[in-house]
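Colleague: Below is the sequence, then the predicted model.
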Amino acid sequence: MNLGRIFSTTIKELQQMSRDKKLYPLLFFAPILQIIILGYAATFDIHSIPTAALDRDQTQLSRQYLGCFHHNGYFTIKYHVSNRNQIYRLLDEGKVKIGIEIPIDFEKKLKKGITSAVQLIVDGTESNSATIALNYARIISEKFSSRRIIERIDLPSFNAGNFLSSFRREIGQTFLVENRTRVWYNPDLSSADFMVPGVICMLLLIVTTNLTAISIVKEKEIGTMEQLLVTPIKPSELIIGKLIPFTLIGFIDVIFILIIGYLIFQIPIKGSIVLLLALSIFYLFSTLGLGIVISTIVQSQEQSMIVTFLIILIMNILSGIIFPIANMPQVIQYLTYLMPIRYFAIIVRGILLRGIGFEILWPQVLALILLGILTLTLSINRLRKRIQ
């Protein structure tokens with residue numbers, strides 16, 4: 001392997017990219033714009049769910065119950081209706097996502113210690129949003145019920161064994177059990193903290209794979225590949241010379257994305273940035289090698305973009321960035337082991353959010369090294385056959 005030929009190929013590739021002014025926005029502006037848009041749009045947080053309320057009881061206790069929904073930020077009661085059909089119509093028109101119906105004997109039953117059933121009517125068109133809304137409503141109802149029970153317990157009488165008189169004390173004295181929750185790694189339970197590190201993996205996959213594939217296909221289209229064939233350069237030297245510029249671009253994109261994520265989304269950086277950049281090399285080997293493999297299959301830049309889009313779409317869906325791999329069918333879970341983005345997503349989130357190091361991440365690093373070697377070997381062999 002001749003380092004001079006590799007260096008000459010790298011210089012040639014950098015000069016060629018410098019002449020293509022339209023490439024600059026794709027390399028740098030597009031990833032920044034994408035992470036800003038995806039960081040705000042790709043979120044599982046649901047706030048201000050439009051709600052309709054049917055209060056048949058019209059008592060102080062029923063208004064307190066509705067107030068628990070209205071003042072927590074998750075629900076916004078936009079409509080107070082007088083019958084159930086109005087809730088149905090608002091749901092049909094898409095003006096509300098959930099309807100709450102309080103029965104006429106709500107306060108009377110609760111004061112007697114009898115369970116009162118409150119009906120929740122939810123628009124299930126968006127199953128994920130509906131599930132989250134139901135969980136919010138369930139938690140609110142449970143807290144309201146627990147508060148009512150705690151308010152009625154006379155703790156001294158209860159401890160003395162006088163259970164009949166234990167429900168006669170005044171409101172607001174003692175709690176039986178108090179939950180103190182501590183959330184690690186993402187204390188605010190922010191979707192941005194979860195999504196933005198995943199977006200880093202997605203953007204690197206898109207940019208590096210697409211650019212590498214287009215670069216080699218472009219050589220074939222304009223006829224410069226034939227000129228390279230008459231030179232002493234070997235396929236491995238050609239590939240390495242072309243990969244170096246895109247590796248540098250990948251590093252620059254990683255730094256830009258981290259800066260944007262920290263400044264705009266306040267993404268915590270608890271681990272070592274140097275370690276993250278070092279481990280990115282193994283991920284880039286796989287994505288760049290994938291781009292070369294695609295370039296040996298297709299004949300034009302249009303075909304390259306279509307094939308790259310399909311492969312990247314499948315990888316992003318099955319990577320665990322958005323949908324948990326554990327919820328996928330068993331056969332699909334085995335398929336995800338062949339995707340480098342799966343392992344890099346664990347590395348990025350582990351370093352940024354958890355602050356863990358190589359001693360914990362080494363299985364993912366080993367998987368990336370093996371996939372990188374496999375991908376580069378396959379790409380060199382296919383390119384050698386293509387040249388021959």
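Modeller: Perfect, thanks for sending it.

Colleague: What's the separation between the residue nearest the centre of the chain and residue 68?
Modeller: The residue lying closest to the centre of the chain (C-alpha atoms, centre = their mean) is residue 195, at 3.3 Å. Residue 195 sits 29 Å away from residue 68, going by C-beta to C-beta, to the nearest Å. Any C-beta I mention is one placed from the backbone N, CA and C, and that applies to glycine too.

Colleague: a strand runs through the residue nearest to the centre of the chain, doesn't it?
Modeller: No. Judged by DSSP: H, G, I helix; E, B strand; the rest coil, residue 195 forms no part of a strand; its state is helix.

Colleague: Just confirm it contacts residue 39, I think it does.
Modeller: Yes. With contact defined as C-beta atoms under 8 Å, residue 195 counts as touching residue 39 (6.6 Å).

Colleague: The nearest residue to residue 281 once chain neighbours are set aside - how many residues pack around it?
Modeller: In this structure, residue 281 finds its nearest non-sequential neighbour in residue 247, 7.2 Å apart by C-beta to C-beta, 6 or more residues apart in numbering. Residue neighbour count, defined by other C-beta atoms under 10 Å, stands at 20 for residue 247.

Colleague: in which helix or strand would I find residue 247?
Modeller: helix 235-265 (DSSP states H and E).

Colleague: can you give me how far the helix or strand following that helix is from the chain middle?
Modeller: Next along the chain after helix 235-265, taking DSSP H and E as the criterion, comes helix 273-297. The chain centroid and the centroid of helix 273-297 are separated by 21 Å under C-alpha atoms, centre = their mean, to the nearest Å.

Colleague: what angle do helix 273-297 and helix 235-265 make?
Modeller: 130 degrees (axes from the mean of the first three to the mean of the last three C-alpha atoms, to 10 degrees).

Colleague: what helices or strands is helix 273-297 leaning on?
Modeller: Under the contact criterion of 3 or more C-beta pairs under 8 Å, 6 or more residues apart in numbering; DSSP states H and E, helix 273-297 touches helix 191-222, helix 235-265, helix 301-318, helix 340-349, helix 358-387.

Colleague: Can you give me the buried ones in the last one?
Modeller: To tie it back to what came earlier, the one meant is helix 358-387. For helix 358-387, burial by neighbour count (16 or more other C-beta atoms under 10 Å) applies to 361, 364-365, 367-369, 371-372, 375-376, 379-380, 382-383.

Colleague: can you check the third one too?
Modeller: Applying a neighbour-count criterion of 16+ other C-beta under 10 Å, the buried positions in helix 301-318 are 301, 304-305, 307-308, 311-312, 315-316, 318.

Colleague: Over to the shortest one?
Modeller: Counting neighbours by 16+ other C-beta under 10 Å, one finds that the buried residues in helix 340-349 are 340-349.

Colleague: Look up the closest residue to residue 17, ignoring the ones flanking it.
Modeller: residue 23 is the one closest to residue 17 (C-beta to C-beta, 6+ apart), at 5.8 Å.

Colleague: pLDDT wise, what is the one you found at?
Modeller: Here, the pLDDT recorded for residue 23 equals 70.

Colleague: Quick one: neighbours of it, just the number.
Modeller: Neighbourhood size, residue 23 [other C-beta under 10 Å]: 16.

Colleague: Please report the distance of it from residue 249.
Modeller: Counting by C-beta to C-beta, the separation of residue 23 from residue 249 is 10 Å.

Colleague: quick revisit: now mean pLDDT and distance to residue 105 too, for the helices and strands packed on helix 273-297, in a markdown table please.
Modeller: A markdown table is the format used below for these (pLDDT from 0 to 100; distance: least, C-beta to C-beta, whole Å):
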| stretch | mean pLDDT | distance to residue 105 |
| --- | --- | --- |
| helix 191-222 | 80 | 40 |
| helix 235-265 | 80 | 48 |
| helix 301-318 | 87 | 49 |
| helix 340-349 | 91 | 50 |
| helix 358-387 | 83 | 57 |
